[in-house]
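Student: with the sequence up front, the predicted model follows.
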Amino acid sequence: MPIETTDSTDTTDIFDTFDIVGSIESIESIDSIDEELSWQETALCAQTGPEFFFPAPGASTREAKQLCGACEGRVECLEYALRHDEKFGVWGGLSEKERHRLKLRRA
Ligand code: SF4
């Protein structure tokens, strides 16, 4: 014998609604990620090897910083690195130590 429920809500509708809401939130978060990373489209470091931007400890960061100085997305890149607490490499023309100092100054 089938079980009768007093609630007329079809659970399929509820799950469909959650899927739609979840999809909308996913699209919005993808859009914000795209926006947050749009500076990477003109990133000069993408045209060089990672060894420039992630040098071995004690190695020079001068070449990386020179490239950053000519990069259109420098400010956004630096802000991204600060926001995401990037620990390694040159981002937006600053080394790890320089970013750390900048964060302390801003605090
Ligand atoms: S600022 Fe420097 S690290 Fe950032 S995207 Fe430009 S070249 Fe790359």
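Tutor: Structure's in. What do you need?
Student: local confidence estimate at residue 31?
Tutor: For residue 31, the pLDDT comes out at 75.
Student: typo on my end, it should be residue 51
Tutor: 88.
Student: which SSE is it in?
Tutor: Assigned by DSSP states H and E, residue 51 belongs to helix 50-53.
Student: next SSE after that helix?
Tutor: Next along from helix 50-53, by DSSP H and E: helix 62-69.
Student: state the mean pLDDT of that following helix.
Tutor: Mean predicted lDDT for helix 62-69 stands at 96.
Student: return the set of buried residues in that helix.
Tutor: 64-65, 67-68 (16 or more other CB atoms under 10 Å). Backbone N, C-alpha and C define where each C-beta goes, glycine included.
Student: same thing with stretch 77-88?
Tutor: Those would be 77-78, 80-82, 86, for stretch 77-88 by 16+ other CB under 10 Å.
Student: from those, list the ones also adjacent to the ligand.
Tutor: residue 77 (CB under 6 Å from any ligand atom).
Student: in helices, which of the buried residues of stretch 77-88 fall?
Tutor: 77-78, 80-82 (DSSP state H).
Student: include pLDDT when you put those into JSON lines, please.
Tutor: Output for these, formatted as JSON lines (pLDDT from 0 to 100):
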{"residue": "77", "pLDDT": "96"}
{"residue": "78", "pLDDT": "97"}
{"residue": "80", "pLDDT": "96"}
{"residue": "81", "pLDDT": "97"}
{"residue": "82", "pLDDT": "97"}
